[in-house]
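*Asks:* the amino acid sequence is not available; the structure is as follows:
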């Protein structure tokens with residue numbers, strides 16, 4: 001028999017696409033998608049179960065569906081989807097704890113994949129030039145998404161000690177961009193004028209959505225345990241990145257960055273946490289040697305090509321919107 005895979009977070013774009021791709025793999029018999037909200041697009045042959053991973057009912061889903069592989073993608077970066085930071089924290093941390101407790105009691109589970117983030121390394125002026133998977137953050141996270149990622153990874157490691165028969169794969173993904181992917185970083189780059197921190201030009205790595213999907217797919221169907229940084233080759237500074245997009249910048253003194261973040265929350269709906277603002281100040285670069293040599297995958301999209309693809313998609317969207325506007329005016 002083939003794999004039975006449960007994917008959490010299928011209401012999100014990356015989660016739904018991961019589930020769809022796995023459902024077409026000949027080695028996979030069945031894919032079960034779980035989320036509190038229904039997916040926005042067609043999941044194909046994926047069986048959707050509307051369930052909250054914070055609820056013990058998730059254990060019943062694992063048992064009834066005979067799940068042997070879990071791909072956990074419900075660690076949310078922004079609170080908008082769940083109604084606030086408190087709910088986001090509960091979904092990320094309490095939800096993960098409940099899911100892991102269910103996995104611990106499920107004898108058929110043999111593989112767990114966690115979609116994490118390079119945000120676990122934080123961002124500070126004391127950071128090394130490059131983070132490897134073994135590098136500890138120079139400043140422990142105190143709140144927000146970074147702290148959630150750190151706690152979630154800690155709980156996953158604890159689960160691994162209790163269930164050493166389960167292969168654990170943790171994928172620390174850099175900022176994702178893609179033609180249709182809507183992420184906080186993509187929203188930031190789409191602003192008419194991009195705010196930056198005066199006197200700082202952070203280094204940025206990007207991960208194309210196609211590479212992210214391929215890595216998640218391989219981790220789910222293969223046996224590739226370990227923790228892996230996942231990012232495209234090459235680095236751009238934020239000023240290079242914004243310039244290539246043809247956007248103007250608005251340099252803001254560091255003392256005023258918090259106020260800018262609050263303004264963006266009110267006017268543009270962007271949720272800029274302190275962790276994200278620190279990233280836009282100091283940046284972050286990770287080493288991907290383990291991804292290439294141990295995991296066996298080299299991203300097809302470099303940081304520069306990922307940005308170019310994102311920019312081209314934006315130009316097409318703008319042209320379509322302009323055409324629609326002109327058409328309405330002609331009527």
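*Replies:* Nice, thanks for sending it over. The structure displayed is predicted, hence computed values, not measured ones. Numbers count the residues shown, from 1 in each chain.
*Asks:* count of neighbours near the closest residue to residue 174 other than its chain neighbours?
*Replies:* Leaving aside its sequence neighbours, residue 174 sits nearest to residue 231 (CB to CB, 6 or more residues apart in numbering; 3.7 Å). The way it works is simple: take the backbone N, C-alpha and C, and place the C-beta from them, glycine included. Residues within reach of residue 231, counting by other CB atoms under 10 Å, total 29.
*Asks:* again, but for residue 25
*Replies:* 15.
*Asks:* ok, now which ones touch the residue nearest to residue 73 when sequence neighbours are not counted?
*Replies:* Distances taken as CB to CB, 6+ apart put residue 9 closest to residue 73, at 3.8 Å, once the chain neighbours are dropped. Contacts for residue 9 (CB atoms under 8 Å, 6 or more residues apart in numbering) come out as 15, 34, 35, 72, 73, 74, 75, 76.
*Asks:* between those, which is nearest residue 299?
*Replies:* If you rank the contacts of residue 9 by distance to residue 299 using CB to CB, residue 73 comes first, at 18.8 Å.
*Asks:* count of neighbours near that closest one?
*Replies:* By other CB under 10 Å, the residues close to residue 73 number 24.
*Asks:* so what pLDDT did it get?
*Replies:* Note on residue 73: pLDDT of 96.
*Asks:* is it true that it touches residue 8?
*Replies:* Yes. Using CB atoms under 8 Å, residue 73 is in contact with residue 8, at 5.6 Å.
*Asks:* quick check on residue 304: phi, psi?
*Replies:* phi -60, psi -40 (degrees, to the nearest 10).
*Asks:* ok, now which ones touch the residue nearest to residue 174?
*Replies:* By CB under 8 Å, 6+ apart, residue 231 lies in contact with 118, 173, 174, 205, 206, 207, 286, 288, 299, 303.
*Asks:* so for stretch 25-35, what's the average pLDDT?
*Replies:* Across stretch 25-35, pLDDT averages out at 96.
*Asks:* what number of residues lie near residue 165?
*Replies:* 9.
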